[in-house]
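Enquirer: Here's a sequence, model it:
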Amino acid sequence: MRNFQRTVRVSDTDCTKALYFTNILKFTQEAFESLLKEDYPELSLQFHEGKIAFPIVQTSAGFFAPMLLGNELDILLDLKLNNTSFEVVADILHEGIKKGNCTIKHVCIDLILNKKVDVKKLLGEVCRH
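Expert: Numbering: from 1, shown residues only. Below you'll find the model as predicted:
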């Protein structure tokens, strides 16, 4: 599990200065992109070069308490790997209190061959380089 930090900014909030509900997905996706860049740079490069894609096929989010303008959030991120898909699972905390959670399910597609890719195999190949 990795920890990413994010501050709730004005552009992230609604008129009550609470986090606008869709932005929990944005925060989770930003943390995932950071994880890719930091932990799997070769995979990140293939993604940015257009060789592979990770389309989103399912999302869910839960809100337990408001996340407000200026809150420093900890996004605790974990990856759950399946055969051709993976889930990005996040718990979102403020000052150690869980404020929400989010799950984003992606499939892994080889854009050159136009077919699904075995995620565990792909990560294994990337980690060996």
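
Enquirer: how about low-confidence regions in the chain?
Expert: Within the chain, the segments meeting pLDDT under 70 span 124-129.

Enquirer: Would you state the helices of it in chain order?
Expert: 23-39, 41-48, 119-128 (DSSP state H).

Enquirer: Quick check: which of these is nearest to Asp12?
Expert: helix 23-39 (4.8 Å; CB to CB). Heads up, the C-betas are built off the backbone N, CA and C, glycines and all.

Enquirer: same for the closest one, what does it pack against?
Expert: Contacts defined by 3 or more CB pairs under 8 Å, 6 or more residues apart in numbering; DSSP states H and E place helix 23-39 against strand 2-7, helix 41-48, strand 56-63, strand 72-81, strand 85-94, strand 97-107.

Enquirer: contacting residues for Tyr20?
Expert: Listed by CB atoms under 8 Å, 6 or more residues apart in numbering, the contact partners of Tyr20 are Asp12, Thr13, Asp14.

Enquirer: What values do phi and psi take at it?
Expert: phi -70, psi 130 (degrees, to the nearest 10).

Enquirer: Distance check, it against Phe27.
Expert: 11 Å (CB to CB, to the nearest Å).

Enquirer: again, but for Asn3
Expert: 13 Å.

Enquirer: Are there residues contacting both of these two? Which ones?
Expert: Ile75.

Enquirer: And these two? Which one has more around it.
Expert: Neighbour count, other CB atoms under 10 Å: between Asn3 and Phe27, Phe27 has more, with 21 against 11.

Enquirer: Leu36 against Gln46, yeah?
Expert: No: counting by CB atoms under 8 Å, Leu36 sits too far from Gln46 to count as a contact (10.0 Å).

Enquirer: Give me the common contacts of the two.
Expert: With CB under 8 Å, 6+ apart, Leu36 and Gln46 have no common neighbours.

Enquirer: Hmm, Lys99 is touching Leu76, no?
Expert: No: Lys99 lies out of contact with Leu76 (CB under 8 Å); the separation is 11.6 Å.

Enquirer: can you tell which of the helices of the chain is closest to Ile112?
Expert: Of all the helices of the chain, it is helix 41-48 that lies closest to Ile112, at 10.2 Å by CB to CB.
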